[in-house]
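A predicted structure for the sequence below; I have some questions about it.
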Amino acid sequence: MTAEPVPKWERHDSRTRLLRFAVLLISLIVVVVSWRALNIRYDYVATAPRELGDIANRMYPPDAEYTGEIVRPLIETVNISILGTVLALLIAMPVAYLGANNVTPNKVTYTVGKFIISFTRSVNVIIWALIFVVAFGPGALAGIFAVAMRSVGFIAKLMAEAIEEIDPTQVEAVTATGASDAQQIIYGVVPQIKPTFIGLATYRWDINVREATVIGFVGAGGIGENLTTSVNLFNWNQVLTILIAIFGLVIVSELVSAYARKKVS
């Protein structure tokens, strides 16, 4: 007696495989067209390793005597990141309340909240820095507002999502005691999102330390101003000193942020 052939298992049917192949082919075409549209100068690419090696030779060794001059800008960078994060948290919490569909008062406030979240997230920190440099003049104040505005959408979006995922029974229990709307938020919502809030605050501060190091390129204070000046003057030994300092600052902020998130998790 002849055994019946065992059917061959296939993960996808023919239609799905054809569709996946079409998507892959279209994606490849888009990448090729985009690459060609960039009009890349391959002669520059070919000399890039040599040029990078030349810059590295000019940078080494770092200018140790310049270290004392960047202590104050480094402290200013940290202060910008801290104050910008605090300001962002103060602005983001009401925005998150408006942007959470389970607590927002109505559809209009929900739309306003979502608009603020999307708008602040869509503008790069450098653009915000340029705007506030024009508004407040060069310096740390412009940097604080730039970092804050860039952070509002990030924090508000994640906090709004956290609010939407809370246990509604806790809010209902507080409401049943005759609590006002503000008391419902304070005692029914806030305790549930507190760990998320602390984690987001430390994580965003860690990001803002990095952003505070670059906004000085456009005059918004911090170590970026020193870096721009050194690059423009071709003081490559000072540039390496600044880059090492920035790297150390980022490492420290990463360790502090990781420790804080571990404590609240």
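Received the coordinates, thanks.

Would you mind pulling the contact partners of the helix or strand containing P195?
Applying DSSP states H and E as the criterion places P195 in helix 190-212. Applying Cβ atoms under 8 Å, 6 or more residues apart in numbering, the external contacts of helix 190-212 come out as 77-78, 80-82, 84-85, 88-89, 125, 143, 147, 150-151, 154-155, 158-159, 162-163, 166-167, 170, 222, 224, 249-250, 253-254, 256-257, 260-261, 264-265. Heads up, the C-betas are built off the backbone N, CA and C, glycines and all.

The strand or helix carrying P94: how far from the chain's middle?
Mapping P94 onto the secondary structure by DSSP H and E places it in helix 71-99. Remark: helix 71-99 is offset 12 Å from the chain centroid, using Cα atoms, centre = their mean, to the nearest Å.

between that helix and helix 190-212, how many degrees?
Using axes from the mean of the first three to the mean of the last three Cα atoms, to 10 degrees, the direction of helix 71-99 lies 140 degrees away from that of helix 190-212.

Spell out which residues sit in contact with the nearest residue to V171 once chain neighbours are set aside, please.
Counting by Cβ to Cβ, 6 or more residues apart in numbering, V171 lies nearest to G188, which is 3.7 Å off, once chain neighbours are set aside. With contacts taken as Cβ under 8 Å, 6+ apart, G188 has the following neighbours: I166, Q170, V171, A173, V174, T175, A179.

Just to check, the last one is in contact with Y187?
If I follow you right, that is A179. Yes. Counting by Cβ atoms under 8 Å, Y187 is a contact partner of A179 at 6.6 Å.

can you list residues touching both of these two?
The contact lists of A179 and Y187 share no entry, where a contact means Cβ under 8 Å, 6+ apart.

if we can go back for a sec, let me know the next secondary structure element after the helix holding P94.
If you walk from helix 71-99 toward the C-terminus, the next helix or strand you reach (DSSP H and E) is helix 107-122.

which outside residues touch that next one?
Here helix 107-122 has contacts from 95-101, 104, 149-150, 152-154, 156-157, 160, using Cβ under 8 Å, 6+ apart.

again, only this time at 7 Å
Contacts to helix 107-122, defined as Cβ atoms under 7 Å, 6 or more residues apart in numbering, come from residues V95, L98, G99, N101, T104, M149, R150, V152, G153, F154, A156, K157.
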